[in-house]
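**Q** Sequence first, predicted coordinates after that:
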Amino acid sequence: MNDGIKINRIDSIFKDYVDNKFDYLKKIMTMSNEEIIKNLTESGLKGRGGAGFPTGSKWKFAAEQSSDEKFVVCNADEGEPGTFKDKEILLKVPHKVLTGMTACSKVTGAKKGYIYLRWEYKFMKNDLQKSVDEFNEELEKMKIDFKIYIVLGAGAYVCGEESALFDSMEGMRGEPRNKPPFPTESGFMGKPTVINNVETFATSTMILSFGGVNYAKLGTDVSHGSKLFSISGDTAIPGIYELELGMTLHDFVEKFGDGDTKAVSVGGVSGALVPRKKFKDTIIGWEGVPTGGAMILFNSTRSIYRILHNYLEFFEEESCGQCTPCRIGCQQLKKGIEAVKKGEEDPSYLDTLASLSKVMNVSAKCGLGQSVMNPVLSAVNNFREELIY
Amino acid sequence: MKKIINLTIDDQKIAVDEGTTILEAARKSGIKIPTLCYHDDLCIAGNCRICVVEQENMRTLPASCATPVAEGMVINTNSTKVRNARKFLVELLLSEHNADCTACVKNKHCELQTLAEQNHIREHTFIDLKDDKNYTIDKLSPAIIIDYSKCIRCQRCVRTCEEIQSISALSAAYKGKDMKITTFFEKPINTVVCSTCGQCVAHCPTGALTEHFYIDEVWDAINDPDKHVVVQTAPSVRVALGEEFGLKPGTIVTGKMVAALRRLGFDEVEDTDFTADLTVIEEGNELLRRLKAKLVDKDESVKLPMVTTCSPAWVKYCEHAFSDQLGHLSTCKSPMSMFGALSKTYYAEKFKIDPAKIVSIAIMPCIAKKFENNRPEMRASGYKDTDYVLTTRELAIMIKQAGIDFNSLKDSSFDSLMGVASGAGLIFGNSGGVMEAALRCAYMIVVGKDIPFEDLSITPLHGSEGEIVEMSVKFTGTKPEWSFLEGVTVNVAHANMLSNAYKIMDEIKNGTSKYHFVEIMSCPGGCIGGAGQPLPTNKAKRTARKEAIYTGEKMIEIRKSQDNPEIINIYDDYLGKPLEEKAHKLLHVPGFTPRKRY
Amino acid sequence: MATNEILIKELADQYGRKRTSLLPVLQGVADKNNFLTEEDLTTIGRELHLSGAQVFGTATFYSFLNVVPRGKYVIRVCKTISCDMKNKDDVVREIENMLKIKTGETTEDKKFTLLYTNCMGWCDKGPSMLINEMPYSDLTPDKVHGIIKQYSDTAD
């Protein structure tokens, strides 16, 4: 058994370690492309959105593509229920995100960068635009051929899926594309594109400032560094915390729970709904339960049925609707648990629903439909009685 | 040279070109992976997920239609994991679908039904979702019926309307559980930009999109002793109807078709090919008149190129998309509508039948003809010129209803008066056929000689499906009255599919078109690929029908429309001169109807 | 109602007459009226060379592009898990009582529309809501009463 890393608060993202916010950029621009990639690779940084693709490799793949045009896209469509940290990054330290995007443009040769900002964050668009304008001016002063633009979303969770996000930027319905090809080969407008989320770009900036090897000293052999956690639900201290990766869920709940935690959604509604009996065995990280950072805590007064029903309603509305398993599967799962609860279906129907969620997990076109299984299986396997009675 | 990729599918070692999909590679090796949203005519969607397969060392099941092969890939198309997933996927689709199969026109021809059968679906695993859906049926169009309760959201219709026709009258709308295929603001299809070409119907895997049926109305007419029922059959019906009775695509069944029509009880069986010949004469003369007005009289109000109007979906599309360019359209009615008008005038007079008692039926490869015959312009006879239009498929249904053993029928021939046709009339069934027929006719009028091609077969016009075919004809040795055409090169083009029509019309609109005469057909390959033809549609079938049309022509001695004795007769006896008086009144439309683009 | 044709043409000039401009143009029109009319969508289609169905299909995909009439102020209460746990139902009930409408409806004076929305990223401060683009968090029935009252009191 792994005891995990002790709870350890880090302050790399929201704190500035330079006098002038452009100092990060100035330092990074003195680095060679090879150095940038080397540092990112040594840091072990994986995409902070939850899918966990190594950031250094992603940038390298895009750099290796030959194309007349390439793009850098920052995914600010933070839509996973229980996540709110990217909003805070963009409000407080936007220059770190813009710097990370610029570092990526340097490596890949992209001339244009886009921030796809979810509509729900429109309230901050003007302020963000000011930061972007200021940053673009500095880029021009430094004779860096890269310009950043803001694109506003229009309300669709699935647009957080990278290829759906490109479709949306292209003026279409945000429907995930077939893969391969992957974005580094064919992304926005069919051109090689690096897409990372807000936190990943900000983290990249800090890695390039501290050095990849130093960053990798944090965390475990598999889950390097620290990341932001958005903590909500039954906790006395909700909010955003930067924590070293690799702690156990037990330690996490000790620190953030209200003393009566019965389950935690690790990774929002599309993550696992981990029951109390598994807290000790669950490492928060790639070796255990990976997460985009959403941690929703539930105490014993909460009905798992109500929670799962809420999740499934979210999924059936936010599925793009194009693929069979996700569009119809989500509806069936919601109807199914309702029917079992009402006694219209036999409790054994829950096993059919579990099987359905497994089929969705392997056959849905994108991560949205594939991940619906996580809370469903957790609930059916660990809280069966609550779903029946 | 493409790189060769080696992979294994179901233990078979396979080598294919790089870029091949798993589905294509499997098909090449005789392994059949079931599909649903996939269609050979359309781009890959990968949304139904029916074609998923298992790939070694991969957690998820990739969709074989959308996944390119990779070196060393090991694929299993029939593992337990795959079979379970596929079965669940079909069951999910069924839970949203109105599976009242016996009351569905697609019964036994439905791709979802076939999948249910293949996957041994014997019970309803999932909860019925239909009650939540507020499904409706849109029956307001005379051509197309949409039964939303049967839609499985595969988007084949959406891709058809966008890729083949460049119209996009249909789109996916909303998202999640509410996602549906619909029109602009969910309006009835007859009120939006739909051309009524019906290719969506031809590409729909279920009974969600069908033609508007008129079988019962036709039976009623046949069974009404007071009615005299005249039927005409379009050129391309005879090379496709056999498919409905198990014959190979491209089998010519003209004689059996005529015999069947007689057995069904039609009073008179005539041929649309005859009025195709008539169209050639009228259109050829209209072209020459326009050329003269433009070249000699310098009349700027006359529009060139002149564009054919045999294809009703094309005409409607043009009225929507190029409503300011309608002057380019030939005023000639289509062969069907010429026939309709003549059936209640010329025919009625000759056989002394009260036109009020004549019911004129057309068997067409086409769905848009059901819109055309309902146009207010098509009442030149004082009656509705063509009362009902049936598709090739509807005719097959009637033959089956009547218990006729089609394949054992003895050949019969068309009745006379409007039943004889030249080869030029027959080739109307193929894209480029109208152009070829018109050139044969016009060349003879202008030069007094046959156009110099072996057998009069203008092979440069026999292009392949979906391409814009261009040709130039130079007139030399013109007759005195056509001397203004001496040495003039006439540029012609023909194209099928409205996506190509758009390209041609865009040039015309911009003033950059070099053409004098253009033929447009809405459907892939022309009428042989019409939306009323036997299903499923695919390129191999369409090619076989196309070849059959050209083969059929070779069996007809008369090759030019003006040599058809019944054509000579009708002008001498009844119409007078082309484009004049009676011909003008009965065979041409007074104008076109500009329609909303959006 | 006054036509938005001029606005749409200006937006098309600004963003370009191409498919990638569709969302910004739709948003530009929606910013003005909170919803898009049939006429808006046909005009946008014409300017961007898209079919009506394509514009309609794209607009209806997105939760914040509405093709049914909405009030001047669209209130969207988050119904996703963290806000749900913090008694968003009480907040909704208070708004419904105040405005005398049910969720999904618009007040007779066309001033307010009340809707639900999915997670809007204020989970640590639930319940939360948007009024047009402005977020409000840590809501209680009392607090929301005051907020709605402020909007009610503003002149049209």
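**A** In hand now; what should we look at?

**Q** where in chain B is pLDDT low?
**A** Applying pLDDT under 70 to chain B picks out residues B:1.

**Q** what does it put close to chain A?
**A** Neighbours of chain A within chain B, by Cβ under 8 Å from any Cβ of the partner chain: B:44-50, B:52, B:59-61, B:63, B:66-68, B:81, B:84-85, B:88-89, B:92-93, B:95-96, B:125-127, B:129, B:152-153, B:155, B:172, B:174-179. (Each C-beta comes from the backbone N, C-alpha and C, glycine too.)

**Q** Please list only the buried members of these.
**A** Buried subset of those (neighbour count, 16 or more other Cβ atoms under 10 Å in any protein chain shown): B:44-50, B:52, B:61, B:63, B:66-68, B:81, B:84-85, B:88-89, B:92-93, B:95-96, B:125-127, B:129, B:152-153, B:155, B:172, B:174-177, B:179.

**Q** Which ones among those residues also lie next to chain C?
**A** Among these, chain C is touched by B:172, B:174-175 when using Cβ under 8 Å from any Cβ.

**Q** Among those residues, name the ones in helices.
**A** Residues of these located in helices (DSSP state H): none.

**Q** Tabulate these (a markdown table), appending distance to residue A:332.
**A** Shown next, in a markdown table, are those (distance: Cβ to Cβ, whole Å):
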| residue | distance to residue A:332 |
| --- | --- |
| B:172 | 20 |
| B:174 | 18 |
| B:175 | 17 |
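
**Q** which residues in chain C form strands?
**A** C:73-78, C:112-117, C:129-131, C:134-136 (DSSP state E).

**Q** Format the ones you listed as JSON lines; extra columns: mean neighbour count and mean pLDDT.
**A** Shown next, in JSON lines, are the strands of chain C (neighbours: other Cβ atoms under 10 Å in any protein chain shown; pLDDT from 0 to 100):
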{"stretch": "strand C:73-78", "mean neighbour count": "24", "mean pLDDT": "98"}
{"stretch": "strand C:112-117", "mean neighbour count": "22", "mean pLDDT": "98"}
{"stretch": "strand C:129-131", "mean neighbour count": "22", "mean pLDDT": "98"}
{"stretch": "strand C:134-136", "mean neighbour count": "17", "mean pLDDT": "98"}
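
**Q** Residue A:35: which of those is closest?
**A** Nearest to residue A:35 among the strands of chain C is strand C:134-136; the distance by Cβ to Cβ comes to 40.7 Å.

**Q** Could you list the residues in contact with stretch B:263-270?
**A** Here stretch B:263-270 makes contact (Cβ atoms under 8 Å, 6 or more residues apart in numbering or on different chains) with B:222-223, B:228-233, B:258, B:261-262, B:339, B:343, B:347, B:361, B:398-399, B:402, B:404, B:409, B:412, B:414-415, B:417-419.

**Q** For it, output the C-alpha coordinates as PDB.
**A** Taking C-alpha atoms only, stretch B:263-270 is exported to PDB below (Å, rounded to 0.1, in the frame of the first residue of the first chain):
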ATOM      1  CA  ARG B 263     -52.000  -6.200 -66.600                       C
ATOM      2  CA  LEU B 264     -52.500  -3.500 -63.900                       C
ATOM      3  CA  GLY B 265     -55.300  -2.100 -65.900                       C
ATOM      4  CA  PHE B 266     -54.000   1.000 -67.500                       C
ATOM      5  CA  ASP B 267     -56.000   1.900 -70.500                       C
ATOM      6  CA  GLU B 268     -53.100   3.200 -72.600                       C
ATOM      7  CA  VAL B 269     -49.400   2.700 -72.200                       C
ATOM      8  CA  GLU B 270     -47.300   5.300 -73.800                       C
END
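
**Q** buried stuff in it?
**A** In stretch B:263-270, counting by 16+ other Cβ under 10 Å, buried: B:264, B:266-270.

**Q** Buried among the contacts of stretch B:263-270? Need that as a selection in PyMOL.
**A** In PyMOL, a selection of the buried entries from these looks like this (16+ other Cβ under 10 Å):
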select buried, chain B and resi 222+228+229+230+231+232+233+258+261+262+339+343+347+361+398+399+404+409+412+414+415+417+418+419
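
**Q** Filter the contacts of stretch B:263-270 down to the ones in strands?
**A** Per DSSP E, the subset of the contacts of stretch B:263-270 in strands is B:228-233, B:361.

**Q** For those residues, work out which two are farthest apart.
**A** Within the ones in strands among the contacts of stretch B:263-270, B:228 and B:233 form the most distant pair, 17.4 Å apart (Cβ to Cβ).

**Q** Could you tell me which residues of chain C lie near chain A?
**A** For chain C, the contact set with chain A under Cβ under 8 Å from any Cβ comprises C:18-24, C:26-27, C:48, C:57-58, C:61-65, C:79-82, C:84-85, C:117-126, C:130, C:133-135.

**Q** Please report how far residue A:352 lies from residue B:205.
**A** Residue A:352 is 26 Å from residue B:205, where distance means Cβ to Cβ, to the nearest Å.

**Q** which residues touch the most far-flung residue of chain C relative to its centre?
**A** Distance from the C-alpha centroid of chain C, by Cα atoms, centre = their mean, peaks at residue C:49 (26.0 Å). Contacts for residue C:49 (Cβ under 8 Å, 6+ apart) come out as residue C:17.

**Q** Now do the closest residue to residue A:120 other than its chain neighbours, the pLDDT please.
**A** With Cβ to Cβ, 6 or more residues apart in numbering or on different chains as the criterion, residue A:120 has its nearest non-adjacent residue at 4.2 Å, and that residue is residue C:120. pLDDT recorded at residue C:120 is 97.

**Q** for chain B, what's the longest helix?
**A** Counting by DSSP H, the longest helix found in chain B is helix B:272-295.

**Q** who touches residue 26 in this structure?
**A** Picking chain A for this. Residues near residue A:26 by Cβ under 8 Å, 6+ apart: residue A:142.

**Q** that answer is for a different chain, and I need it for chain C
**A** Residue C:26 sits next to A:154, C:36, C:44, C:55, C:58-59, C:65 when contact means Cβ under 8 Å, 6+ apart.

**Q** Could you list which of these also contact chain B?
**A** With Cβ under 8 Å from any Cβ as the criterion, the contacts of residue C:26 include C:55, C:58 near chain B.

**Q** so can I have JSON lines of the contacts of residue C:26 showing neighbour count?
**A** Formatted as JSON lines, the contacts of residue C:26 follow (neighbours: other Cβ atoms under 10 Å in any protein chain shown):
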{"residue": "A:154", "neighbour count": "23"}
{"residue": "C:36", "neighbour count": "25"}
{"residue": "C:44", "neighbour count": "29"}
{"residue": "C:55", "neighbour count": "29"}
{"residue": "C:58", "neighbour count": "27"}
{"residue": "C:59", "neighbour count": "25"}
{"residue": "C:65", "neighbour count": "20"}
